[in-house]
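**Student:** Starting from these lines, generate the structure:
(one chain, ligands or ions: 1)
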Amino acid sequence: MLFILPRLCRQHLRTYVQSNIRQLTTGQPNVCIVGAGPAGFYTAQQILKGNPNAVVDIYEKLPVPFGLVRYGVAPDHPEVKNVINTFTQTASKDRCTFIGNVTIGKDISIADLQKAYSAVVLSYGADNDRLLGVPGENLKNVISARSFVGWYNGLPQDIDLQVNLDTDRAVIIGHGNVALDVARILLMPIDLLKKTDISQHSLDALSKSRIKEVTVIGRRGPLQVAFTIKELREMIRLPDCKPVLSEEDFIGVDKLIQDLPRPRRRLTELMYKTCMEPTEKDLKLWETAKKSWSLSFCMSPLEIFGDKYVTGLKLGINKLQGEDLVKQSAILTDQTVDMSCGLVLRSIGYKSLVIDPDIPFDTKSGTIPNKDSRVEGKTGMYCTGWVSTGPVGVILTTMNQAFETGKTVVKDINDGILDLTKHGRGDIFNILNSKGVQTVSFKDWGNIDQFEVKQGEDVGKPREKMVDISQMVAIKRLKHALPRTPKRRSATLAAYLQHTKSPAVEILRQAEVVSPPEDQMDMAIEKVALEDIKTAIGSCKTKRSKDSVTSMNVLVASISGEKVAETRCLKSLAKKLGLPILNENDAYDENNVHVYDYISDIVDVTLCNKEDNVHKISRLKKDCGECGIKKLELLPEETDDLDTAQIVRWERFEKEDIKVKGNKTIKKLVLVKKENQSCRTIFTFFRTFKIISATPA
Ligand SMILES: Cc1cc2nc3c(=O)[nH]c(=O)nc-3n(C[C@H](O)[C@H](O)[C@H](O)COP(=O)(O)OP(=O)(O)OC[C@H]3O[C@@H](n4cnc5c(N)ncnc54)[C@H](O)[C@@H]3O)c2cc1C
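**Tutor:** Residues are numbered from 1 along each chain as shown. Take a look at the predicted model:
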């Protein structure tokens, strides 16, 4: 019988059966992971492998996965990013769900996760940086390497970083791999950078850079550097760039090399030879170099000079102390030296944040206290990756640790330590829906990925990353609303394009997901635009006059022509709208009001008539003298374009599940209170969607 059902029905049936079996099955471990970086994905991989029933949900604050693999690893290291293939395999498994655009600690609390899941694994990395704690650190052009890396890698929060590259010399403080990544990006020929996935805004800035000299300063000596041989070799071979190492720093080092452990020995040897015994080939290569970089040892910054912008640093000279050569510590002497520069990049380590008060946190080490990944004092809570170890090691180190974490979770499941009666993500999605959070699935990420690759192809790059979160989410939303067949999808979008200059649609067009306008308008896509506008308007109903709330509601209604079926709700809705609610033939009386069938009927009596079946653009401009729209008053936060815009509280009608007798649930239209940050969207949407003049009635 099953085989004669259409494919779609079979699919629905399968999903239905699977989800119901999942609910009925007792003892299914529901695990959630916070953070979709390497630690999160490797832990998920291990749990899925170790327990055939486990279901793993990975929450990520950005709409896109992969953490520092996408936003940390240098653009000229594409081979390192191959781990993404493994993560993609994990995320594509039936029992694994990526839930992007959800910030744990803000959208969802740890307590919510603990209620819903048998185990909560924290792998949210280290999103903050350490400070030098010296005077002048707040001067302009003193920047954290973390933000600089985010800037060139297109991390949305860092794209507006103010970096002034109109200077001869940059100083980088720190002797780790991040410091060398940053030095390399500053000095690399622009033609090489152009072929990487470096973000366009930083490529533009770097192509105008005047930086000729980069000094990389560390508090200890050549035997204690934290960078690795690969990064050092890349610096030595950088085209048109000469290494400058002081012979003084390497006197006697050759005698110590043999006793060093192997990786350290090879690294020190390379530094030593570059300084003391460069080959003919190297010398020839460096002879004509127009740029240079140097390593300075045993120096600690004491002060950063400058008026508004940094002009230099005062550095204290250190001496080394301790038996074990590799572990010697730096002791400050009373000698100092001044160094001039126009850019300082602080690269002294990343630090984790406290994202939720329910997570124990050691502020000194900047990590979550744990034993074998089990968070101290919290059964069912685990941590892994940089949030548990601090910002040390490479992806391989993180992988090994995350595998151990995964095994620990599986062991605790098998040992009966975890509560397996938890129901998983259902309640979490209810919370997210009530807050209006738009989640991004792994399939949505696939659309973003496809778009980025296409954008990159056009300019000879592996990808051009999207840097605007709202555009990433918009791409997902538009794609969702599209018809399934390519031809129809193309026609729909094409038609939509005729009516809008929405950035999201423009992006889709550039990515050739849509073809030039040719066909008719499709209402599916209309709905998407409408949802945007409703959300935007919904976010604005606060602290405003009754009249302007009314105007906004009427505006939405005028666009949607929504039918309000429930008479009971209609009455309260009309009352809420502040409109006369009269029964036919009755004189106006507050207690005796008319019940309209459609909100659009209310619109018709409130706003002026449509012309040629299209609403007047003058309403959008708020200068229509004939209708209620002119009463629309905008608050400063509604026109604010900044991310810092205040939280705005508002209300809207939503259908909610209400329990009635006999444990049944019915849908009821209720007024719910919400809150959002900033209302910047309202004007953007009105402007870009030109909704009033464009929408057919
Ligand atoms: C600049 C730089 C370059 C590097 N280059 C290399 C390299 O070339 N090779 C190499 O092997 N290693 C490299 N590494 C190291 C490697 O990136 C790390 O070992 C690894 O990324 C650590 O993984 P993680 O999952 O602990 O953290 P992350 O990769 O930082 O992942 C954490 C994830 O959690 C998310 N998150 C944060 N807060 C929340 C929240 N509240 N709610 C939900 N999600 C949240 C973040 O957005 C992020 O996606 C580099 C590191 C840096 C900083």
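
**Student:** Residue 201: which element?
**Tutor:** Using DSSP states H and E, residue 201 maps to helix 200-207.

**Student:** Pull the residues that contact the helix or strand following that helix.
**Tutor:** Per DSSP H and E, the first helix or strand lying C-terminal to helix 200-207 is strand 213-217. Strand 213-217 has contacts (Cβ atoms under 8 Å, 6 or more residues apart in numbering) with 168-175, 179-180, 183, 186-187, 291-296, 299, 301, 315, 339, 341. Just so you know, the C-beta spots here come from the backbone N, C-alpha and C atoms, and that holds for glycine as well.

**Student:** What count of nearby residues applies to residue 281?
**Tutor:** 8 (other Cβ atoms under 10 Å).

**Student:** Neighbours of the residue of the stretch 401-550 of the chain at minimum distance from the ligand, how many?
**Tutor:** Closest to the ligand within the stretch 401-550 of the chain is residue 402: 7.5 Å, counting by Cβ to the nearest ligand atom. The number of residues packed near residue 402 is 28, by other Cβ under 10 Å.

**Student:** Start at 14, not 1
**Tutor:** Noted, 14 is the first residue going forward, which turns the last one into residue 415.

**Student:** burial count for the closest residue to it other than its chain neighbours?
**Tutor:** When the adjacent residues along the chain are set aside, residue 415 lies closest to residue 55, with 3.5 Å between them (Cβ to Cβ, 6 or more residues apart in numbering). Residue 55 has 27 neighbouring residues, counting by other Cβ under 10 Å.

**Student:** Can you tell me the SS state at residue 55?
**Tutor:** Three-state call for residue 55 (DSSP: H, G, I helix; E, B strand; the rest coil): helix.

**Student:** isn't it right next to residue 410, touching?
**Tutor:** No. With contact defined as Cβ atoms under 8 Å, residue 55 does not reach residue 410; the gap is 10.9 Å.

**Student:** Tell me, how many residues neighbour the residue in the stretch 264-413 of the chain positioned nearest to the ligand?
**Tutor:** Across the stretch 264-413 of the chain, no residue is closer to the ligand than residue 398, which sits at 2.3 Å (Cβ to the nearest ligand atom). Using other Cβ under 10 Å, residue 398 has 32 other residues around it.

**Student:** Around the ligand, which positions in the chain sit nearby?
**Tutor:** Residues of the chain found near the ligand (Cβ under 6 Å from any ligand atom) are 47-53, 72-75, 80-81, 85-86, 90, 93, 116-118, 136-138, 140, 162, 191, 194, 363, 368, 398-399, 406-408, 411.

**Student:** quick one: pLDDT of the residue of the stretch 414-563 of the chain closest to the ligand?
**Tutor:** Here the pLDDT value assigned to residue 415 is 97.

**Student:** Next, the contact list for it, please.
**Tutor:** Counting by Cβ under 8 Å, 6+ apart, residue 415 has contacts 51-56, 59, 136, 397-398.

**Student:** Also residue 164?
**Tutor:** Counted by Cβ under 8 Å, 6+ apart, residue 164 has contacts 171-172, 174, 176, 212, 214-215.

**Student:** of all these, which comes closest to the ligand?
**Tutor:** Nearest to the ligand among the contacts of residue 164, with distances taken as Cβ to the nearest ligand atom, is residue 171, at 11.8 Å.

**Student:** what pLDDT does that closest one get?
**Tutor:** 95.

**Student:** Whatever residue of the stretch 114-263 of the chain ends up closest to the ligand: what's it in contact with?
**Tutor:** Taking Cβ to the nearest ligand atom, the ligand has its nearest neighbour within the stretch 114-263 of the chain at residue 138, 2.5 Å off. The contact partners of residue 138, taken as Cβ under 8 Å, 6+ apart, are 48, 50, 52, 80-81, 363, 365, 398-400.

**Student:** Of the residues you listed, which belong to helices?
**Tutor:** 52, 80-81, 399-400 (DSSP state H).

**Student:** Only whichever of those residues are buried, select them in PyMOL.
**Tutor:** Buried subset of these, written as a PyMOL selection, criterion 16 or more other Cβ atoms under 10 Å:
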select buried, resi 52+80+81+399+400
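
**Student:** out of the ones in helices among the contacts of residue 138, what pair is the most spread apart?
**Tutor:** Within the ones in helices among the contacts of residue 138, 81 and 400 form the most distant pair, 12.1 Å apart (Cβ to Cβ).

**Student:** Provide the partner residues of the closest residue to residue 196 other than its chain neighbours in its beta bridges.
**Tutor:** What sits nearest to residue 196 in space, not counting adjacent residues and going by Cβ to Cβ, 6+ apart, is residue 227, at 4.7 Å. On the basis of DSSP bridges, residue 227 is bridged to residue 183, residue 306.

**Student:** and residue 227, how many residues sit next to it?
**Tutor:** 26.

**Student:** ok so, going back, which of the contacts of residue 415 sits closest to the ligand?
**Tutor:** residue 398 (2.3 Å).

**Student:** Excluding chain neighbours, what is closest to residue 64?
**Tutor:** Residue 64 sits nearest to residue 423 (Cβ to Cβ, 6+ apart), 5.1 Å away.

**Student:** Quick check: that neighbour touching residue 63?
**Tutor:** Yes. The pair residue 423 / residue 63 is scored as a contact, 3.4 Å apart, by Cβ under 8 Å.

**Student:** more neighbours, the two?
**Tutor:** residue 423 (20 against 17).

**Student:** Let me see the contact set for the more buried one.
**Tutor:** Residue 423 touches 59-60, 63-64, 67, counting by Cβ under 8 Å, 6+ apart.

**Student:** and which of those is nearest to the ligand?
**Tutor:** For the contacts of residue 423, the nearest to the ligand is residue 59 (13.6 Å; Cβ to the nearest ligand atom).

**Student:** Confirm that the closest one lies within a strand, as I assumed.
**Tutor:** No. Applying three-state DSSP, one finds residue 59 to be helix, outside a strand.

**Student:** So residue 341 sits against residue 335, correct?
**Tutor:** Yes. Counting by Cβ under 8 Å, residue 341 does reach residue 335; the two are 4.0 Å apart.

**Student:** can you list the domains in the protein?
**Tutor:** 15-140+365-447, 141-361, 455-528, 545-707 (automatic domain parsing).

**Student:** Mind telling me which of these the model trusts least?
**Tutor:** Minimum mean pLDDT among those: domain 545-707, a mean of 49.

**Student:** circling back: show me which of the residues of the chain next to the ligand are buried.
**Tutor:** The buried subset of those (16+ other Cβ under 10 Å) comprises 47-53, 72-75, 80-81, 85-86, 117-118, 136-138, 140, 162, 191, 194, 363, 368, 398-399, 408, 411.

**Student:** mind listing which of those are in strands?
**Tutor:** 47, 72-73, 363 (DSSP state E).

**Student:** of all these, which two lie farthest apart?
**Tutor:** 72 and 363, at 20.4 Å, using Cβ to Cβ across those.

**Student:** Alright, calling it a day.
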